[in-house]
Each structure stands twice: as structure tokens, then as C-alpha cells.
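A predicted structure for the sequence below; I have some questions about it.
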Amino acid sequence: MPHRRADVLAHAMTLLDAHGLSALTMRRLGAELGVQPSAIYHHFPSKQALLAAVADEILARGARPRTASEWPDRLREVCSELRHAMLACTDGADVVATVWAFGLGAAAPVAEMEKVLADADVPDELVAVASRTLVHYVFGHAFEEQTARQAVGLGAVERSLDSLPDFDLGLDLVIDGLRARLA
């Protein structure tokens, strides 16, 4: 095999960022690497496995150091990092949210949210619901933002992008609701 797994993944990331999710096919990836598509399956047993690796790479590239000590600020750091990581790559929100929804990967942010919540003595029955609520908010906001910016940038739609900077306020509303529930 002329390519290492890391090379295939790096090229998949390049292809995704340059052309979007619809262009990320095993056939195109193989063609651009100069191998048969079946050779890609040596490293990734399925397209879903490739997408899972791509999603985890998107998250790894967006990793930032943690500085917060209080649980609400720790949640904000995790959520902001997730959002920025997805927005840094074309169709990143679509890839990461889909992989997570299918249970194929991209689980690190949710696991970190769950740890933050458990460390804050949030009752067990709320930890999973709170982390899912936060991740759904982040995925939804990032997907809308990414899709709107791409469509406006291509001239496909005329839309105001004024609502897009409200991420932090919306996140505060969710965290404030959780804090109120705990009080």
C-alpha cells in the first residue's frame, strides 16, 4: 500500500475542506491519491469509518487548552471549542454532527461535558440530558451558521447573517436554565 492511514486521512480532510462533504467519496479519494478506491478500504473499512476519522480529526485540530475552573465556564469552553472546530472546516458541522448521531465517533466533547457536569455534582439523571441539550444547541447553531455563510458566499441566497453571532447568548441561556434547575 503506497499510502499510510494518516496520509489518506490528511487528503480526505483537504478534499472535504476544498470541496465539501458531497465530494468526499472513496472513488475520488482513491483517484486523487493514485490508487484504486478499494485500496482506501485497507485503512478504513467503510465510508462511515472514514467519516468518523475525519470528524475526530476536525475535533483534534480544533482543540484548545482549558483555563476555566467553574463548571459553567468549563462548559462554555467545551461548547465554544466544538463550534469553532466545526466551523473551521467546510461542512465540518454536518460531518461531526452526523458521525456523533450515528454513534460512530466525535464523542469526546460530549464525554467532556458529562465529566464537567458530574464534577459539578449535577444529578446523574440530568448529566446525559444536559450534555445532549448542549451538544444539540452547538450542532444546530454551527450547522445553521456554516450553511448560511456558504450559501450567502456562493450567492445562492440573500439572507441576513445578523442572527449568527448570538451563539454565546444562546449558550448562556441553556447554562442559566441548567443552573436554575440545580438551585
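Received the coordinates, thanks. Numbers count the residues shown, from 1 in each chain.

Give me the longest helix you can find in the chain.
helix 124-153 (DSSP state H).

any idea how far M26 is from V35?
10 Å (CB to CB, to the nearest Å). The C-beta positions use only the backbone N, C-alpha and C, and glycine is treated the same way.

for A88, same thing?
Distance check for A88 against M26: by CB to CB, it reads 24 Å.

which one of the two has more residues nearby?
More neighbours surround M26 than the other of A88 and M26, with 18 against 13 (other CB atoms under 10 Å).

Run a quick neighbour tally on D94.
22.

Contact partners for the residue nearest to the spatial centre of the chain?
Most central in the chain under CA atoms, centre = their mean is V96, positioned 3.7 Å from the mean C-alpha point. Residues in contact with V96 (CB atoms under 8 Å, 6 or more residues apart in numbering) are A55, I58, L59, L82, A85, M86, A106, F139.

in the least confident helix or strand in the chain by mean pLDDT, what counts as buried?
Taking mean pLDDT, DSSP states H and E as the measure, the chain has helix 37-40 as its least confident helix or strand, at a mean of 88. Buried residues in helix 37-40, defined by neighbour count with 16 or more other CB atoms under 10 Å: A39, I40.

What is the subsequent helix or strand relative to that helix?
Later in the chain than helix 37-40, the nearest helix or strand by DSSP states H and E is helix 47-61.

which secondary structure elements does that following helix contact?
Contact analysis of helix 47-61 by 3 or more CB pairs under 8 Å, 6 or more residues apart in numbering; DSSP states H and E lists helix 5-19, helix 26-33, helix 71-87, helix 92-101, helix 108-119 as its packing neighbours.

so which of those helices gets nearest Y41?
helix 26-33 (7.3 Å; CB to CB).

angle of that closest one against helix 47-61?
60 degrees (axes from the mean of the first three to the mean of the last three CA atoms, to 10 degrees).

contacts for helix 26-33?
So helix 26-33 is contacted by 2-3, 7-8, 11-12, 15, 36-41, 47, 50 (CB under 8 Å, 6+ apart).

7 Å instead, please
Contact partners of helix 26-33, identified using CB atoms under 7 Å, 6 or more residues apart in numbering, comprise H3, V8, H11, A12, L15, Q36, P37, A39, I40, K47.
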